[in-house]
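1. Sequence below, structure please.
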Amino acid sequence: MLFTPITLPCGQVIKNRAVKAAMEENMADKHHFPSPELKTLYKTWAHGEVGLIISGNVMVDKMAMTGPGGVVLEKNTPLHEFRDWAREAKQNDCKAILQINHPGRQVMKAMGGKVLAPSAIAVNIGKHSNLLAPPKAMSEEEIQDVIQRFIYTAVNAKEAGFDGVQIHAAHGYLLSQFLSPLTNKRTDKWGGSPENRARIVYQIITKVRDAVGEHSIVALKMNSADFQRGGFDVEDAIDVVKHLNTLNIDFIELSGGSYEAPAMQGKSGDERTLAREAYFLKFATQISEHAKMPLMTTGGIKRFETAQSVLENGVDLVGMASALAYEPSLISAWKSSPEHVGFVPHVSWKDKAMSGLATMALVKRQLRKLGNNQPTNPKCSPLLSLILDQLRIKRLTKTYRKWIGVG
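-> Next up is the predicted model:
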């Protein structure tokens, strides 16, 4: 099943069901264009036999970044480097789409810039909360500006040669903040009822589709649950999916969690236990009963039998991230050796926030190795990787602040 093609509602054909899911890379050049190393990385994945590549975060506003060294694509961004990036990513009959995103309140204080949210509720990650800037509640004008930015970025992605976009409404970023009753306390048309909280997502999808046409891929990444008590949950996800059935959308990727409850790394913030692989499959299976469009799920998949199980449980696409950071040719390897097991790092420190950062640091270290045509190393030290990553982020943050004129 994994090697069976799929035709999306827009008519585009993906050669198999294996998808390179998004990862934070921090590998842009000093102008926040895709760097030569980033292009090499994507070419490597394309030749590893995945059917579809979803990029790491591409930011719709240079003043609001998930982290330094991120790629930015705005209305007036020159597209020459993006055209090169698309060409590299689409080799070997691979499809490639940009994941487009706004961080909302999940912005490190050191970054500067805008820190916006549906409501002025700060991120709570315990003793590390002061690392993140407090947000301001968005005005109507700011909401409309964000909607328009998603449209501009999607149009430019198409112009650059990408096959479409994935709108990021998961992991506690801005659109996810609108969906969650924990972070959206608004009393206007953008808050309150589940339909109002989802209004911004529906509008962005509708307007992006109108702007890019019927043959571009328009996908959504959404939490199956926030994994926090009182947050966005499976029942809410089902309600959103039922509405999305009436819109022209190509697939929904189901993930989970946020900075406060990093379920995307297999760590729940409530009493629920996540599976050791395909963390969100149980929830995706529930949601699939109500979905008319293809679904995709991610979460620590490293075995061929797990990928097959995802497809057998009514999910159409198998998203993989960390395993492809360590072994970009894993899908190709499974063709001849389905018993081969990939590698996914797990850091089990008591401090969940530091554990999450160390896991990300390990993965990003492999991405840089691949971008420089170096072999990956599953034996890298989590502590050393975290220290090196923090030093790199500090350096990139200083460069970013100069770029936006605040430092």
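2. so where do the strands sit in the chain?
-> 6-7, 13-14, 18-20, 52-59, 71-72, 95-101, 116-117, 136-137, 164-169, 217-225, 251-256, 295-297, 317-320 (DSSP state E).
3. export these to TSV and tack on mean neighbour count, distance to L175 and mean pLDDT?
-> Heads up, the C-betas are built off the backbone N, CA and C, glycines and all. TSV is the format used below for those (neighbours: other CB atoms under 10 Å; distance: least, CB to CB, whole Å; pLDDT from 0 to 100):
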stretch	mean neighbour count	distance to L175	mean pLDDT
strand 6-7	13	25	98
strand 13-14	18	24	98
strand 18-20	26	20	98
strand 52-59	26	13	97
strand 71-72	23	18	98
strand 95-101	26	8	98
strand 116-117	24	11	97
strand 136-137	14	16	96
strand 164-169	27	4	97
strand 217-225	27	8	90
strand 251-256	28	13	90
strand 295-297	25	17	94
strand 317-320	26	18	96
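4. Reformat these into JSON lines and put distance to L41 next to each item.
-> Listed next are the strands of the chain as JSON lines, based on distance: least, CB to CB, whole Å:
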{"stretch": "strand 6-7", "distance to L41": "25"}
{"stretch": "strand 13-14", "distance to L41": "20"}
{"stretch": "strand 18-20", "distance to L41": "10"}
{"stretch": "strand 52-59", "distance to L41": "10"}
{"stretch": "strand 71-72", "distance to L41": "12"}
{"stretch": "strand 95-101", "distance to L41": "12"}
{"stretch": "strand 116-117", "distance to L41": "30"}
{"stretch": "strand 136-137", "distance to L41": "35"}
{"stretch": "strand 164-169", "distance to L41": "18"}
{"stretch": "strand 217-225", "distance to L41": "20"}
{"stretch": "strand 251-256", "distance to L41": "20"}
{"stretch": "strand 295-297", "distance to L41": "21"}
{"stretch": "strand 317-320", "distance to L41": "15"}
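5. With respect to K350, which of those strands lies nearest?
-> strand 251-256 (22.1 Å; CB to CB).
6. now the lowest-mean-pLDDT helix or strand in the chain, how far from the chain's geometric center?
-> In the chain, the helix or strand scored least confidently by mean pLDDT, DSSP states H and E is helix 281-288, which has a mean of 86. Centre-to-centre, helix 281-288 and its host chain are 19 Å apart (CA atoms, centre = their mean, to the nearest Å).
7. Now tell me what touches that helix from outside.
-> Here helix 281-288 makes contact (CB atoms under 8 Å, 6 or more residues apart in numbering) with 224-225, 234, 237-238, 241, 254, 256, 275, 295, 297, 299, 309-310, 313-315.
8. Output the below-cut-off pLDDT ranges for the stretch 101-250 of the chain.
-> Within the stretch 101-250 of the chain, the set of residues satisfying pLDDT under 70 comprises 225-227.
9. change it to 90
-> 112-113, 122-133, 171-172, 223-237 (pLDDT under 90).
10. can you give me the helices in it?
-> Using DSSP state H, counting those that start in this stretch, the helices of the stretch 101-250 of the chain run over 140-160, 174-179, 194-197, 199-212, 234-244.
11. Tell me which of those helices sits most buried.
-> Mean neighbour count, computed with mean count of other CB atoms under 10 Å, is highest for helix 174-179 among those, reaching a mean of 27.
12. in the lengthiest helix in the chain, what's buried?
-> In the chain, assigned by DSSP state H, the helix with the most residues is helix 382-404. For helix 382-404, a neighbour-count test (16 or more other CB atoms under 10 Å) marks 382, 385-386, 388-389, 392-393, 396-397, 400-401 as buried.
13. do stretch 75-88 as well
-> For stretch 75-88, a neighbour-count test (16+ other CB under 10 Å) marks 77, 79, 81-82, 84-88 as buried.
14. Under the pLDDT cut-off, which ranges of the stretch 251-400 of the chain? List them.
-> Residue ranges of the stretch 251-400 of the chain with pLDDT under 90: 255-286, 298-300, 346, 348-357.
15. and Y173, what does it touch?
-> Residues counted as contacts of Y173 (CB under 8 Å, 6+ apart) are 66, 101-104, 106.
16. One more: V58?
-> For V58, the contact set (CB under 8 Å, 6+ apart) comprises 70-73, 98-101, 153, 157.
17. P68 now?
-> With contact taken as CB under 8 Å, 6+ apart, P68 is in contact with 26, 111, 393, 396-397, 399-400.
18. With M27 instead?
-> So M27 contacts 34-35, 37-38, 41, 69, 367-368, 371 (CB under 8 Å, 6+ apart).
19. Try it again at 6 Å.
-> 35, 37-38 (CB atoms under 6 Å, 6 or more residues apart in numbering).
20. To K352, which of the strands of the chain lies closest?
-> Nearest to K352, of the strands of the chain and by CB to CB, is strand 251-256 at 15.1 Å.
21. which residues are in contact with that closest one?
-> For strand 251-256, the surrounding residues in contact (CB under 6 Å, 6+ apart) are 170, 219-225, 227, 263-264, 280, 284, 293-298, 319.
22. go on, stretch 336-343?
-> 302-304, 323, 326-327, 330, 333, 378.
23. Can you tell me which of those end up in helices?
-> Short answer: the contacts of stretch 336-343 in helices (DSSP H) are 304, 323, 326, 330, 333.
24. and the two most separated of the residues you listed?
-> Using CB to CB, the pair of the ones in helices among the contacts of stretch 336-343 lying farthest apart is F304 and Y326, separated by 15.7 Å.
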